[in-house]
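**Student:** show me the folded form of this:
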Amino acid sequence: MITPHSPQSIDLTSAAEFLEAQQREFGANYEIAAGLWAVFAVAAEDSAGNELARDLLAEAPFAHEVGSTEDDSHHLYYVDAENRHAAQHWLEDLAATARGEIRPVAPGHQLLIDQVLASESPHRAARQLAEAHAEGAASAGLIREPATVRALLDRLHGREPLFYGALNLLIQHHLVDMLVFFRQLISEDVGLLNEIVKGGLSRDPFLQTRQDATSEIRSQLIRFRIINPMDQMKNTGLANPYAAFMEVAASREHLIALVDGIKSDLARADFVHALHSIRRKLYQGETFSTFGTQSPWMTERIALPFKFIRQKLDAQPGLPALDALYMLERSAAD
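**Tutor:** Residues are numbered from 1 along each chain as shown. Alright, predicted model coming up:
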């Protein structure tokens, strides 16, 4: 199993400001000497900051060194060029985790995504990604770069049975962002799916698996209302498949929420803030079922959005909490 790395013994919430500042100013993007890149730079007199930097890097999955500036005013925590990419991802992931935001794609997962796109055996990489999702190491929307999603759709036109099975597996595990998928989908893609589904049963079991996988892909697209079941074409009246799937009515600034029988306008910013607050707790290992309006971290700002979010998760009991939160956040996307 490929697991995105994050410290298990550090309260990242309290480190959020430190991480954000370091990522902005250094973050393995500041070259201090030829081939050496500063991850952190902390004033020598800042004992708490240096202790935090050391504690964080003690659990980092890459080699690093520690030194000082020429005037000894700052301690430098740096990596060489070989470890720079790993350090950049690690810090980006820590910062997202601390803020309760959607985590960046782990390098190991990205490698598997690339294999789905280019390998002659895409189903193997897709299966590993599906297993990672089932084990909680990956969550919904892992494949969300528009160019990557378009490449998935382009490969469909090669009519490879193994690829159809691979894409179906990814979609069934919600690993492809449906909003991006909807925006990238063109009429030729839908026509291809319709053609394969409507074809006669094949005596070749290998080709029949392609038809079966295509049928399941279309069923999921209809479930998200991406394909209109009436005319079997792309749903031109749809704005956001996640909003349709999660039954969220959202405008640019507000959501309409029916909570405790009362219809309310939720500020989009408060809704997203509540999602991040909940996700941050899940990242810390807590479970959604233990959360309530009396939780010590609950605030007046997020109490009503939390009730609305809980209703939505209760209505989708088969969805892992992180998947549901991803879909809710994307349902309010512009």
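**Student:** Arg103: neighbouring residues, count only.
**Tutor:** 20 (other CB atoms under 10 Å). No exception for glycine: its C-beta is placed from N, CA and C like everyone else's.
**Student:** and Met327, its phi and psi?
**Tutor:** Main-chain torsions, Met327, degrees, to the nearest 10: phi -60, psi -40.
**Student:** neighbours of it, just the number please.
**Tutor:** The burial count for Met327: 25, using other CB under 10 Å.
**Student:** what's the distance between it and Pro104?
**Tutor:** 18 Å (CB to CB, to the nearest Å).
**Student:** repeat that for Ile196.
**Tutor:** 34 Å.
**Student:** before we move on, what about Ala321?
**Tutor:** Distance from Ala321 to Pro104, by CB to CB: 19 Å.
**Student:** mind telling me what element Val39 is part of?
**Tutor:** strand 36-43 (DSSP states H and E).
**Student:** what are the buried residues along the following helix or strand past that strand?
**Tutor:** Using DSSP H and E, the helix or strand that follows strand 36-43 towards the C-terminus is helix 47-58. Judged by neighbour count using 16 or more other CB atoms under 10 Å, the buried positions of helix 47-58 are Gly49, Asn50, Leu52, Ala53, Leu56, Leu57.
**Student:** again with stretch 14-25
**Tutor:** In stretch 14-25, counting by 16+ other CB under 10 Å, buried: Ala15, Ala16, Phe18, Leu19, Gln22, Gln23.
**Student:** quick check, nearest of those to Gln311?
**Tutor:** Closest approach to Gln311 among the buried residues of stretch 14-25 (CB to CB): Ala16, at 28.5 Å.
**Student:** need the contact list for that closest one.
**Tutor:** Taking CB atoms under 8 Å, 6 or more residues apart in numbering, we find Ala16 in contact with Ala95, Ala98, Arg99.
**Student:** ok, of these, which one's closest to Ala87?
**Tutor:** Once CB to CB is applied, the member of the contacts of Ala16 that ends up nearest Ala87 is Ala95, at 12.6 Å.
**Student:** ok, residues contacting the helix or strand in which that closest one is found?
**Tutor:** According to DSSP H and E, Ala95 maps onto helix 81-99. For helix 81-99, the surrounding residues in contact (CB under 8 Å, 6+ apart) are 4-7, 12-13, 15-16, 19-20, 22-23, 27-29, 35-37, 39, 56, 60-64, 79, 102-104, 106-107, 276, 280, 283.
**Student:** let's go with 6 Å and repeat that
**Tutor:** The contact list for helix 81-99 (CB atoms under 6 Å, 6 or more residues apart in numbering) reads 6, 12-13, 15-16, 19-20, 23, 27-28, 35, 37, 39, 60, 62-63, 79, 103-104, 107, 283.
**Student:** show the average pLDDT along the following helix or strand past that helix.
**Tutor:** Going down the chain from helix 81-99, the next helix or strand is helix 107-118, by DSSP H and E. Average pLDDT, helix 107-118: 97.
**Student:** all further residue positions should be reported with the first residue as 444.
**Tutor:** Done: numbering now begins at 444, and the last item shifts to helix 550-561.
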